[in-house]
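Participant: How does the following fold in three dimensions:
(one chain, ligands or ions: 1)
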Amino acid sequence: MSFSSDSYDVIVAGGGPAGAAAATLVAQRGHRVLLLERSTGPQFKVGESLMPATYWVFERLGVLDWMKASHFPKKYSVQFFSSDGKASTPFYFRDHDPHENSQTWQVLRSEFDQMLLDNAEASGVEVRRGITLRDLLFEGERAVGARVVADGSGPVDLGCRVFIDATGQRAFLAGKLGLLEIESRLKNAAFFTHFQGGHRDQGIDEGATIILHTDERKSWFWSIPLPNDMVSIGVVGDIGHLILGRSRDPQTVFEEELARCPALAARLEGAEQKMVMKATRDFSYSPSVGAGDGWVLAGDAGGFIDPVYSTGVYLALKSGEMAADSVCEGLAASDLSAKRLGAHVERYRHGVQAMRQLVYAFYDPGFSFARFLTKHPDCKGELVDLLVGNVYRKPLDRIRAALAEEARLREAEPSPALA
Ligand SMILES: Cc1cc2nc3c(=O)[nH]c(=O)nc-3n(C[C@H](O)[C@H](O)[C@H](O)COP(=O)(O)OP(=O)(O)OC[C@H]3O[C@@H](n4cnc5c(N)ncnc54)[C@H](O)[C@@H]3O)c2cc1C
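Facilitator: From the prediction side, this is the model:
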């Protein structure tokens, strides 16, 4: 295992969207950046549906043309099906903002993540696959380097002025420092696979994400169209419902839940399952701190919210972008304190909070988009903004207040089961 140097301005651990975005943007400012990714080559990952707001990060990274030329289905909208199988009117992003940024993509993560790493390398990042971060090195409170290993070789210590943790849900640093706070309300699990064939909408709806509740609202499915007539299907629900006291076989649980979602089962008629059923923990969490002296968190390593609105990749890219800006300012000022490296954290979390409010609403049995919009018709535009991911471009005060008010009212009401 050899590196071009034993010391870098910045070491980034994790080669997902957060790590690639952060590394690229720091390297574009002329700093020496090393990115470590433990996988040895492109791999399957869940997280295939993008939000339109990714457009602006793609533009900054210089990958928009690649995305436009890709074979990834174009996504113009998202549509929700209620537990009785009724479909909402699709939320077309461009109705609200008729610009090309209102269209996004459904991606194969193996290709998408590799493209971002190739772009990082072309921007000057030293990208090293097959290298695992084993430990972070500190002098007192300050991070000063990383201990890394590769298959078959002993640990190597590398120095850095700043360390960016983008290790995804592994959340290496937050775990090591005991910063992880799991949200007790969203302890979910997910089972997912790919199918080929079945019903595919046509025209502008061909690439739409569909979110469908099962009959008793105890779980929900995503349907994400992919290239080659493939579709990603996953079911998400509380671990108490999906796992505890049930068959340990993910395939059986998935099929039982699918039987509770006739609208999706009908769409999958004649489709062939192409991948062994996968399972993952889907807890929402947020570390109590986003940066320290000499280190900063990005992407899932810095927090995760439930995937119902496809927020993850956008937040990974955006937090990578914001972290890169704070790091570059810190390097320019020779101030690598927690305060300087975490200068963006409050603004970042304010945006995430708006998305979290909408996630909580989705899981609230008393909430429906139709009822919400009937009561708050002036929130339609801001609701689409939230679904687009425009939380850093607009304040969205109206919908934040309306969602908070609705949550307060529902908390004050006795639940129907107890009444
Ligand atoms: C069930 C489910 C469905 C989802 N659906 C969507 C969706 O439709 N749309 C969406 O936008 N998001 C979705 N997400 C979220 C999305 O997958 C993540 O938010 C996104 O991948 C985060 O990017 P990241 O760069 O932070 O982490 P990752 O993409 O996880 O990348 C982290 C990288 O770090 C590497 N790594 C880990 N530990 C080490 C180490 N010690 N050393 C070196 N490398 C290491 C890993 O190999 C990995 O490549 C979903 C998530 C779940 C759980």
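Participant: Near the ligand, which residues of the stretch 201-350 of the chain are found?
Facilitator: Applying Cβ under 6 Å from any ligand atom, we find that the stretch 201-350 of the chain lies next to the ligand at 234, 280, 282, 299-301, 307, 310-314, 316. No exception for glycine: its C-beta is placed from N, CA and C like everyone else's.
Participant: could you dump these to a markdown table with distance to S337 and secondary structure?
Facilitator: Formatted as a markdown table, these follow (distance: Cβ to Cβ, whole Å; DSSP: H, G, I helix; E, B strand; the rest coil):
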| residue | distance to S337 | secondary structure |
| --- | --- | --- |
| G234 | 41 | strand |
| T280 | 36 | strand |
| D282 | 35 | strand |
| G299 | 22 | helix |
| D300 | 25 | helix |
| A301 | 20 | helix |
| P307 | 34 | helix |
| S310 | 35 | coil |
| T311 | 29 | coil |
| G312 | 29 | helix |
| V313 | 30 | helix |
| Y314 | 28 | helix |
| A316 | 25 | helix |
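Participant: Out of the residues you listed, who's the most crowded?
Facilitator: When neighbours are taken as other Cβ atoms under 10 Å, the top entry among these is G299 (31 neighbours).
Participant: Report the contact partners of that residue.
Facilitator: Residues near G299 by Cβ atoms under 8 Å, 6 or more residues apart in numbering: G14, G16, P17, A18, G19, A166, G168, L315, A316, S319, G320.
Participant: The nearest residue to I131 once chain neighbours are set aside: helix or strand, and which one exactly?
Facilitator: If the residues on either side of it in the chain are set aside, I131 comes closest to L36, at 4.4 Å by Cβ to Cβ, 6 or more residues apart in numbering. Element membership for L36 (DSSP states H and E) is strand 33-37.
Participant: what about that strand, average pLDDT?
Facilitator: The predicted model assigns strand 33-37 a mean pLDDT of 98.
Participant: Spell out which parts of the stretch 51-200 of the chain neighbour the ligand.
Facilitator: T132, L133, A166, T167, G168, Q169, R170, F172, A190.
Participant: count of neighbours near the fifth one?
Facilitator: Translated: G168. Neighbour number of G168 under other Cβ under 10 Å is 23.
Participant: got the contact list for the one residue in the stretch 51-200 of the chain that gets nearest to the ligand?
Facilitator: Nearest residue of the stretch 51-200 of the chain to the ligand, counting by Cβ to the nearest ligand atom: G168, 2.5 Å away. With contacts defined as Cβ under 8 Å, 6+ apart, G168 is in contact with G14, G16, A18, G299, D300, A301.
Participant: How about it: what's its closest non-neighbour residue?
Facilitator: D300 (4.5 Å).
Participant: ok, the one you found to E48 distance?
Facilitator: Between D300 and E48 the computed distance is 15 Å (Cβ to Cβ, to the nearest Å).
Participant: now S223
Facilitator: 11 Å.
Participant: what's the answer for F192, then?
Facilitator: Relative to E48, and taking Cβ to Cβ, F192 is found at 10 Å.
Participant: Report the beta-bridge partners for V127.
Facilitator: L35 (DSSP bridges).
Participant: related to what we said a few turns ago, compare F192 and E48 (neighbour count), which wins?
Facilitator: E48 (27 against 22).
Participant: In contact with the more buried one, which residues?
Facilitator: Counting by Cβ under 8 Å, 6+ apart, E48 has contacts Q106, V107, L108, R109, I224, L226, S232.
Participant: Quick one: residues contacting the residue nearest to I131.
Facilitator: I11, V12, A13, G14, G15, R128, I131, T132, L133, A146, V148 are the contacts of L36 under Cβ under 8 Å, 6+ apart.
Participant: Now with 7 Å, please.
Facilitator: Contact partners of L36, counting by Cβ atoms under 7 Å, 6 or more residues apart in numbering, are I11, A13, R128, I131, L133, V148.
Participant: Could you do S337 as well?
Facilitator: S337 touches D293, counting by Cβ under 7 Å, 6+ apart.
Participant: how close does S368 get to G320?
Facilitator: 34 Å.
Participant: So which residue is smack in the middle of the chain?
Facilitator: G312 (1.0 Å; Cα atoms, centre = their mean).
Participant: That one contacts G47, doesn't it?
Facilitator: Yes. If you go by Cβ atoms under 7 Å, G312 and G47 touch, sitting 5.2 Å apart.
Participant: Pull up the pairing partners for the helix or strand harbouring I210, direction included.
Facilitator: I210 belongs to strand 209-213 when assigned by DSSP H and E. For strand 209-213, the paired strands and their directions (DSSP bridges) read strand 77-81 (parallel), strand 219-226 (antiparallel).
Participant: looking only at pLDDT, what's the mean for it?
Facilitator: 97.
Participant: got the contact list for it?
Facilitator: 49, 75, 78-83, 220-224, 261, 263-264, 308, 310.
Participant: before we move on, the earlier item: give me the local confidence score for the residue of the stretch 51-200 of the chain closest to the ligand.
Facilitator: Taking G168 on its own, its pLDDT is 97.
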